[in-house]
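1. Can you look at this prediction? I've put the sequence above it.
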Amino acid sequence: MTRTVLGLARAEASLLVRSVLALAGLLAAGLVTWFGIHPVEPLWWHAAWQIGFGQLVLGLAVLVAAQLAAGRARRDGMAGLYASFPATAGIRTLGQLAGIAGAIPASLLLIGAAAVSVHLLGVVGTPSVTVLAGGLLLVIAAGAAGIAIGTRFPHPMAGVLGALALLLSSGTTHLVSGGGIWLVPWEGLQDDLGFLPGPLAGYPPAGAHGAELAGLAVLAGAAALAITVRSARARAGLATAGVLAVTLICLAGAVQLRPVPNLNRLVTDSANPASAQRCTTSSGVRYCLYPGFGSVLPSLEAAVHGVLARVPARLDRPLTVSQVGLTSLDATLTHGYPKRQVSRWNAELRRAPAIASPESAIYFPIWAWPAFGGPLADAHFNLALATADWAVRIPLVTIASSQSGQPSQPCVPVNQAREAIALWLAILAARPPAGELQAGVPAGNGFTAAVVDHKVIPTWSYPGQGAGQVDQIGFSPPQNTEAGYLLARAMTTLPEPKVARVLAAGWVTWLNWHTTDAQLAAALGIKMPGVPRPPLLGTGPIGNGPENPVCT
Amino acid sequence: MDKMTMNVSTTAVHIDGLSRRYGATRALDAVDLALDRGITGLLGPNGAGKTTLLSILATVNEPDAGRVSVLGLDPKDAAERLEIRRRLGYLPQELGYHRHFTVAAFLDYVAILKEITDRRRRAGEIARVLAAIGLEDRARTRIRALSGGMRQRLGIAQALLGQPELLILDEPTAGLDPVQRLRFRELLSDLPGDPVIVLSTHQADDIAAICPTVVVLLQGRVQFAGTPSELAATASGHVWAANERGPGAHLSWRSSDGRWRHVGGQPPAGADVVPPTVEDSYLLLSHAAGA
């Protein structure tokens, strides 16, 4: 019997390895993993779970392939012939369950490729083998579930529905908080983990998660065998295995539902970053980073120095560029803690420098410094623009009024020469693609605008805006104007030394927010670019709506 | 003629009072039968119970009543049923196929299910049966690309895997062209080890050509069991040739020589008695049974 099972397992594994579904699943899983890890800062305590999420995609494909394999005999009208063989239905099911091993190379290949990619991206931290093994167990559990489904329901749609059920169960939005953690913890936590300045010791409980997945695999396997095995003794054994698997799942689930340990330490490190961060000063700029993030420093310096090197005056005030950890706690992280405690922690986080005095430094969140590509170019440009705004004294943020407490409208540097100068400095420092810059200008009938002093002001936003910026409630970065961008673009067509001479000659004047675009254009000897009038609007003032303040 | 007993010392399949119903339909009705080693042809119209009988012999179906002994083993006993299956080659009447499998992969999979676990032996068996059915050049062809006749031959090939001692073939020549039918006869005749072969067919000439024993099953009951010549002899004196069609005959048709052949009933005037064939006898039995 053992040799027959092994022979069947080899045959089924071979079929699974060569199945188009499994190959498509591997490809899709690779893409999902790649798109999950490369746009954000590579952190092992986050990336490992992202890799696990990629394994979910492979698991879906393996589930469908396994269901098709298990239902093959009945679906193809061969049940009568199969019943005449000495290998019973139970042995066939056992062979098919063992054949899921065919998915293991694909899973390991995916994990290995993702690990190498993350390593090449300059990942922070160290990998957890337990977390990565969870992805492998997920694929195996999905395959076992597919066989259980296919043994009972041979129609191909049964596998598709099973995969859909697995996919839906992996989401948390439709489940009560905690339910999502029970089923697939990485889904609920992966976003949070990316904000953490370091791994949370013992959390997520990867060992318990692995045990849960192993229990699910055993339960699915026992269910599949219970359908095909006839012997009363074997059925009793399967029932025992099923009960043990359910017990394991429940225990592992209970461990995963425990509150996050060391949350107090995490809040302290985020609310009082000075206690955890390491600061270094380079060219007069102070960079404060959490331990382990030193590798991003050269990239930060390049963007900041690229701006400051072109500023014609020496720094007359200190500039700090600082990482930001958590800015608030969500329900997933605080699961199991009393509301009063959560409120205290959130109050503590609101006293963090990045929240309490955001104008004092340039802050960027932990996840926002990806390794390469468009997202990194965006992060570079946004840091360069923030540095340039700081250099020309445009307020980095607009603080909400204490009376309303409502999110404030961003300030707009309307008709201010310093806006174009800041944009020109950022463009030269970060050199973003011209097409992307131009994409910030609305085309056709579409337009974006701010309302300042009852007048509609066409605005310009960098398409990658937001990358590398802290998303906080209560204040906003300045809103650039289309006129300012068009003038900056015109400045980039001039020789840099010429512009530098003009700026150096009247730097104090240019920093004055009353100095206009037109004055700058005249000094540079260029014509002020025209800004198209927004369509469908008259020339008069508009009514009572939320207005943007002028940056002063 | 319900109970037909052959030489007990060589009896390989013994059936005693076998009955099987599907709802109100009686597929088998107290069938008694004893089959020797060698080829037994099962003849009968659609719905006569042939497939039910063969599926019971192949251990994939269970009777409502009666006893069956196959190769001296009782299919009701789990261990003995397993032993029967180890010695069995079975071709069901309507066999589906894993159409995306290649011919070789399908046979390899079936060989594993037949507990041929040694890879070399499996490869040898696959090569042997492919050569036997003339599909050796199609080993890497996907089943979906095979013609209906080729698929039928593949079905026969899987039944031959493992050199079974008991070969049950339900309408194996359906879909085969005349040359392939002749090759099939040759194949069965050349099988080593004197296996028990039970095949069902509508083709009386197949029975006459290769089956030392023929069983006629009508309406779930055995109407005849004996040699083809004995079966033919049952129609002696009831088959005529005449120049005109006679209204009193049970069945009449114009033969290739232009004369009318009459089976059963009353012959027309001037008819000549001619030697009956197996087909004549089968038709006569069918008519007598109202099938």
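-> Okay, I see it.
2. May I ask which helix or strand of chain A has the lowest mean pLDDT?
-> For chain A, the helix or strand with the lowest mean confidence is helix A:179-183, at a mean of 45 (criterion: mean pLDDT, DSSP states H and E).
3. Now do the strands in chain A.
-> With DSSP state E as the criterion, chain A has strands at A:278-282, A:285-289, A:319-324, A:362-365, A:398-399, A:449-452, A:455-458, A:475-476.
4. next one: chain B
-> B:11-22, B:25-36, B:38-43, B:65-70, B:88-91, B:166-170, B:196-201, B:213-218, B:221-226, B:239-242, B:249-254, B:260-265, B:272-273.
5. same question for the fourth one, mean pLDDT?
-> Predicted confidence along strand B:65-70 averages 93 (mean pLDDT).
6. Buried residues, that strand. List them.
-> Neighbour-count burial for strand B:65-70 flags B:66, B:68, B:69, B:70 (criterion: 16 or more other C-beta atoms under 10 Å in any protein chain shown). Just so you know, the C-beta spots here come from the backbone N, C-alpha and C atoms, and that holds for glycine as well.
7. show me the contacts for the last one.
-> Residue B:70 makes contact with B:12, B:13, B:57, B:59, B:84, B:166 under the criterion C-beta atoms under 8 Å, 6 or more residues apart in numbering or on different chains.
8. between those residues, which is closest to residue A:422?
-> residue B:59 (86.3 Å; C-beta to C-beta).
9. How much space separates that closest one from residue B:22?
-> 18 Å (C-beta to C-beta, to the nearest Å).
10. More neighbours: which of the two?
-> Remark: of residue B:59 and residue B:22, residue B:59 carries more neighbours, 24 against 9, as counted by other C-beta atoms under 10 Å in any protein chain shown.
11. okay, residue A:16: pLDDT?
-> Residue A:16 is given a pLDDT of 93.
12. Now do the contacts for it.
-> Applying C-beta under 8 Å, 6+ apart, the residues contacting residue A:16 are A:22, A:62, A:65, A:66, A:69, A:99, A:100, A:102, A:103, A:143.
13. ditto for residue A:390
-> A:319, A:362, A:396.
14. cool, residue A:149 as well?
-> Contacts of residue A:149 (C-beta under 8 Å, 6+ apart): A:63, A:67, A:70, A:158, A:159, A:162.
15. Please repeat the previous calculation with a cut-off of 6 Å.
-> Counting by C-beta atoms under 6 Å, 6 or more residues apart in numbering or on different chains, residue A:149 makes contact with A:67, A:158, A:162.
16. ditto for residue B:167
-> B:89, B:195, B:197.
17. which of the residues you listed lies closest to chain A?
-> residue B:89 (8.6 Å; C-beta to the nearest C-beta).
18. hey, what's the closest one bridged with?
-> Residue B:89 forms beta bridges with residue B:167, as assigned by DSSP bridges.
19. what about it, how many neighbours?
-> So residue B:89, with other C-beta under 10 Å, has 25 neighbours.
20. just checking, it touches residue B:156?
-> No. Counting by C-beta atoms under 6 Å, residue B:89 sits too far from residue B:156 to count as a contact (8.9 Å).
21. anything in contact with each of the two?
-> By C-beta under 6 Å, 6+ apart, no residue touches both residue B:89 and residue B:156.
22. returning to that earlier point: include distance to chain B, neighbour count and pLDDT when you put the contacts of residue A:390 into CSV, please.
-> Below are the contacts of residue A:390 laid out as CSV (distance: C-beta to the nearest C-beta, whole Å; neighbours: other C-beta atoms under 10 Å in any protein chain shown; pLDDT from 0 to 100):
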residue, distance to chain B, neighbour count, pLDDT
A:319, 65, 19, 89
A:362, 59, 26, 87
A:396, 62, 18, 78
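23. tell me which of those is nearest to residue B:171?
-> Closest to residue B:171, out of all of these and judged by C-beta to C-beta, is residue A:362, at 83.6 Å.
24. Quick check: beta-bridge partners of the closest one?
-> residue A:321.
25. which outside residues touch stretch A:514-534?
-> A:415, A:417, A:447, A:449, A:456, A:458, A:482-483, A:486-487, A:490, A:502, A:509.
26. ok, the nearest residue to residue A:55 once chain neighbours are set aside - contacts?
-> Spatial nearest neighbour of residue A:55, excluding adjacent residues (C-beta to C-beta, 6 or more residues apart in numbering or on different chains): residue A:135 at 3.3 Å. Going by C-beta under 6 Å, 6+ apart, residue A:135 touches A:51, A:52, A:55.
27. Domain ranges for the chain, per the record?
-> I'll assume chain A. As assigned by automatic domain parsing, chain A contains the domains A:2-169+A:205-258, A:391-552.
28. that's the wrong chain, I wanted chain B
-> B:1-87+B:165-236, B:95-163, B:238-289.
29. Any chance of these in CSV with distance to residue A:95 as columns?
-> Formatted as CSV, these follow (distance: least, C-beta to C-beta, whole Å):
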stretch, distance to residue A:95
domain B:1-87+B:165-236, 16
domain B:95-163, 8
domain B:238-289, 45
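30. Residue A:46: which of those is closest?
-> The closest of the domains of chain B to residue A:46 is domain B:95-163. By C-beta to C-beta, the value is 40.5 Å.
31. chain center to that closest one: distance?
-> 21 Å (C-alpha atoms, centre = their mean, to the nearest Å).
32. now stretch A:213-228
-> For stretch A:213-228, the distance to the chain centre is 34 Å (C-alpha atoms, centre = their mean).
33. And for the residue of the stretch 151-291 of chain B at minimum distance from chain A, the neighbour number?
-> At 7.6 Å from chain A, residue B:158 is the closest residue in the stretch 151-291 of chain B, using C-beta to the nearest C-beta. By other C-beta under 10 Å, the residues close to residue B:158 number 27.
34. So for it, what's the nearest residue that isn't a sequence neighbour?
-> The shortest distance from residue B:158 to any non-neighbouring residue, by C-beta to C-beta, 6+ apart, is to residue B:110 (4.6 Å).
35. Roughly how far does residue A:294 sit from chain B?
-> 54 Å (C-beta to the nearest C-beta, to the nearest Å).
36. what's across from the closest residue to that residue other than its chain neighbours in the sheet?
-> Nearest non-adjacent residue to residue A:294, counting by C-beta to C-beta, 6+ apart: residue A:278, 7.7 Å away. Beta-bridge partners for residue A:278, by DSSP bridges, are residue A:289.
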